[in-house]
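**Student:** got a predicted structure here, sequence first:
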Amino acid sequence: MYNAIVWQDTRTDSIVSSLTEKQKELFRERTGLPASTYFAGPKIRWILDNVEGVRERAEAGELAFGTIDSWLVWELTRGSKRAPAHTREAAQHVTDVTNASRTMLMDLKTQQWDPELCEILGIPMKLLPRIVSSSEVVGRVRRNGPVKGIPIAGILGDQQAATFGQACVEPGEAKNTYGTGNFMLLNTGEEPQWSEHGLITTIAYRLGNQPAVYALEGSIAVTGSLVQWLRDNLGFFNRADQIEALARSVKDNGGCYIVPAFSGLLAPHWRPEARGVIAGLTRYVTKAHIARAALEATAYQTREVVEAMNNDSGVELTSLRVDGGMVGNGLLMQFQADQLGVPVTVPDITETTALGAAYAAGLAVGFFRDLAEIRSLWQEKQTYTPQSSQEERDALFARWKDAVERTYNWA
């Protein structure tokens with residue numbers, strides 16, 4: 001009916017802004033999420049309101065909504081388009097608890113769609129998929145081809161899959177994914193823990209009929225995409241991996257700080273009106289200093305999230321497992337360890353999102369015995385240990401926080 005609206009898209013700002021403070025608090029209490037353009041619920045509402053004929057067909061029960069996992073399962077389980085309709089088995093319209101928990105529509109405790117929240121956003125519940133666990137057989141591939149008949153058994157959202165792939169299956173274990181944005185999750189066990197410091201409460205995973213495991217999450221909108229911006233918009237280099245050599249050509253950031261609030265700031269600030277700044281510029285600053293400042297921005301934003309997690313959980317993080325495309329950047333990983341003051345460990349397999357989904361599927365069909373076996377498969381590739389003093393790291397971080405304040409109230 002309409003193109004997907006990606007998570008960075010802020011066109012739903014007026015929908016979110018129209019919610020009353022009481023309604024926003026209700027969303028936080030039920031879903032663990034702040035009312036934000038980041039999540040899928042307001043995006044469904046935008047399509048219903050702005051694309052001709054969609055609301056009428058949705059209310060008539062003719063349409064289905066889902067994030068990409070739902071679409072994939074539907075396509076894989078609906079069989080050949082050429083087969084007569086009466087011979088086709090029903091396609092599966094499902095989503096797992098982790099993806100459902102990011103819509104602003106699911107009650108975290110019941111793990112079911114919440115009628116009151118759907119009514120507030122004006123979303124017909126008949127649009128929504130059936131919620132299943134992250135690890136169970138939901139159907140089999142019915143399309144002809146080499147995987148026909150294979151069970152579909154593992155579904156997790158991106159960040160949650162990476163957490164499972166990193167084998168963070170015990171309370172207190174955390175991972176950080178460095179991708180387009182950064183997403184840090186801390187396993188908090190079988191009881192949801194509500195944040196008082198700007199974090200999201202979410203479901204980390206649910207295995208079959210077992211209780212759900214919850215997590216606190218810090219979502220950072222712009223990290224790897226800042227490197228892409230330097231490449232594509234400013235032409236600093238031709239390939240993203242060239243940023244490390246450019247940044248290493250200077251010994252520090254030259255007093256330059258970048259806060260990449262391109263579409264506002266997510267955790268722990270949640271300031272949709274913020275916009276990006278480059279602060280501390282002098283004639284001394286070169287593109288190498290700006291490149292270094294871009295990498296450092298990722299580490300500073302991660303430190304903000306870690307401090308929020310420490311304050312919420314009451315337990316100091318003692319090490320961090322990392323994954324994603326940016327972990328191959330040694331300069332960034334070392335600076336991250338320096339800023340956090342704890343070891344930062346890169347695993348042998350850094351594409352942990354795909355790995356986590358595979359683990360969940362393997363558990364569902366008996367390919368893996370249990371979580372202990374999955375923990376045993378995790379292997380360390382490299383660990384970066386802090387090399388700077390507390391005074392050095394705090395002085396740099398204080399200037400970063402000054403720069404963040406300069407982004408507020410811009411849009």
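**Tutor:** Right, received. Where do you want to start? Numbers count the residues shown, from 1 in each chain.

**Student:** ranges for the helices of the stretch 251-400 of the chain?
**Tutor:** Here the stretch 251-400 of the chain has its helices, by DSSP state H, counting those that start in this stretch, at 287-313, 330-340, 352-364, 371-377, 390-405.

**Student:** nearest approach to residue 162 belongs to which of those helices?
**Tutor:** helix 352-364 (4.5 Å; Cβ to Cβ). All C-beta atoms are positioned from the backbone trio N, CA, C, and that covers glycine.

**Student:** return the list of helices and strands in contact with that closest one.
**Tutor:** Identification of packing neighbours for helix 352-364 by 3 or more Cβ pairs under 8 Å, 6 or more residues apart in numbering; DSSP states H and E yields strand 135-140, strand 151-154, helix 158-165, strand 174-178, helix 371-377.

**Student:** so which bits of the last one are buried?
**Tutor:** It refers to helix 371-377. Along helix 371-377, these residues count as buried under the neighbour rule (16 or more other Cβ atoms under 10 Å): residue 374.

**Student:** nearest to residue 111, out of the helices of the stretch 251-400 of the chain?
**Tutor:** Residue 111 sits nearest to helix 352-364 of all the helices of the stretch 251-400 of the chain, at 16.1 Å, using Cβ to Cβ.

**Student:** for that closest one, buried residues please.
**Tutor:** 352-353, 355-364.

**Student:** now stretch 105-112
**Tutor:** Buried, per 16+ other Cβ under 10 Å, within stretch 105-112: 105-108, 111.

**Student:** go on, stretch 325-336?
**Tutor:** So for stretch 325-336, counting by 16+ other Cβ under 10 Å, buried means 325-327, 329, 331-336.

**Student:** point out where this protein drops to low pLDDT.
**Tutor:** Residue ranges of the chain with pLDDT under 70: 80-89.

**Student:** tell me the domain boundaries of it?
**Tutor:** 12-154, 169-202+214-350+376-410 (the TED database).

**Student:** element containing the residue nearest to residue 377 when sequence neighbours are not counted, please.
**Tutor:** What sits nearest to residue 377 in space, not counting adjacent residues and going by Cβ to Cβ, 6 or more residues apart in numbering, is residue 167, at 7.3 Å. Under DSSP states H and E, no helix or strand contains residue 167.

**Student:** still on that earlier bit, could you redo the domains of the chain as a markdown table and give each row distance to residue 2?
**Tutor:** Formatted as a markdown table, the domains of the chain follow (distance: least, Cβ to Cβ, whole Å):
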| stretch | distance to residue 2 |
| --- | --- |
| domain 12-154 | 5 |
| domain 169-202+214-350+376-410 | 20 |
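
**Student:** can you check which of those gets nearest to residue 208?
**Tutor:** Per Cβ to Cβ, nearest to residue 208 of the domains of the chain: domain 12-154, 5.3 Å.

**Student:** how much space separates residue 91 from residue 76?
**Tutor:** Applying Cβ to Cβ, to the nearest Å, the value for residue 91 to residue 76 is 9 Å.

**Student:** follow-up on the earlier one: need the buried residues of helix 352-364 in TSV (columns: distance to residue 238).
**Tutor:** Below are the buried residues of helix 352-364 laid out as TSV (distance: Cβ to Cβ, whole Å):
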residue	distance to residue 238
352	28
353	27
355	30
356	32
357	33
358	34
359	36
360	38
361	38
362	40
363	43
364	43
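
**Student:** which of the buried residues of stretch 105-112 sits closest to residue 186?
**Tutor:** residue 108 (15.7 Å).

**Student:** how about the contacts made by the closest one?
**Tutor:** Counting by Cβ atoms under 8 Å, 6 or more residues apart in numbering, residue 108 touches 30-32, 101, 192, 201-203, 214.

**Student:** residue 386: how many residues sit nearby?
**Tutor:** Counted by other Cβ atoms under 10 Å, the residues lying close to residue 386 total 17.

**Student:** so how far is residue 133 from it?
**Tutor:** Taking Cβ to Cβ, one finds residue 386 at 39 Å from residue 133.

**Student:** deepest-packed of the helices and strands packed on helix 352-364, please.
**Tutor:** helix 158-165 (a mean of 29; mean count of other Cβ atoms under 10 Å).

**Student:** okay, the angle between it and strand 174-178?
**Tutor:** On the basis of axes from the mean of the first three to the mean of the last three Cα atoms, to 10 degrees, helix 158-165 is oriented at 130 degrees to strand 174-178.

**Student:** what comes into contact with helix 158-165?
**Tutor:** 98, 134, 156, 175, 177, 183, 185, 187, 202-205, 215, 217, 219, 323-324, 349, 352-360, 374.

**Student:** if you set the cut-off to 6 Å instead, what comes out?
**Tutor:** Applying Cβ atoms under 6 Å, 6 or more residues apart in numbering, the external contacts of helix 158-165 come out as 98, 175, 177, 183, 185, 204-205, 323, 352-353, 355-357, 359.

**Student:** can you give me how far that helix is from the chain middle?
**Tutor:** Centroid separation between helix 158-165 and its chain, computed with Cα atoms, centre = their mean, to the nearest Å, is 9 Å.

**Student:** try stretch 212-229
**Tutor:** On Cα atoms, centre = their mean, the centre of stretch 212-229 falls 5 Å from the chain's centre.

**Student:** which of the residues in that stretch are buried?
**Tutor:** So for stretch 212-229, counting by 16+ other Cβ under 10 Å, buried means 212-227, 229.

**Student:** which one's more surrounded, residue 91 and residue 76?
**Tutor:** residue 76 (20 against 16).

**Student:** residue 210 in helix, strand or coil?
**Tutor:** coil (DSSP: H, G, I helix; E, B strand; the rest coil).

**Student:** for burial, what's the neighbour tally of it?
**Tutor:** Neighbour tally, residue 210, other Cβ under 10 Å: 11.

**Student:** now it, nearest residue through space, not along the chain?
**Tutor:** residue 133 (8.0 Å).
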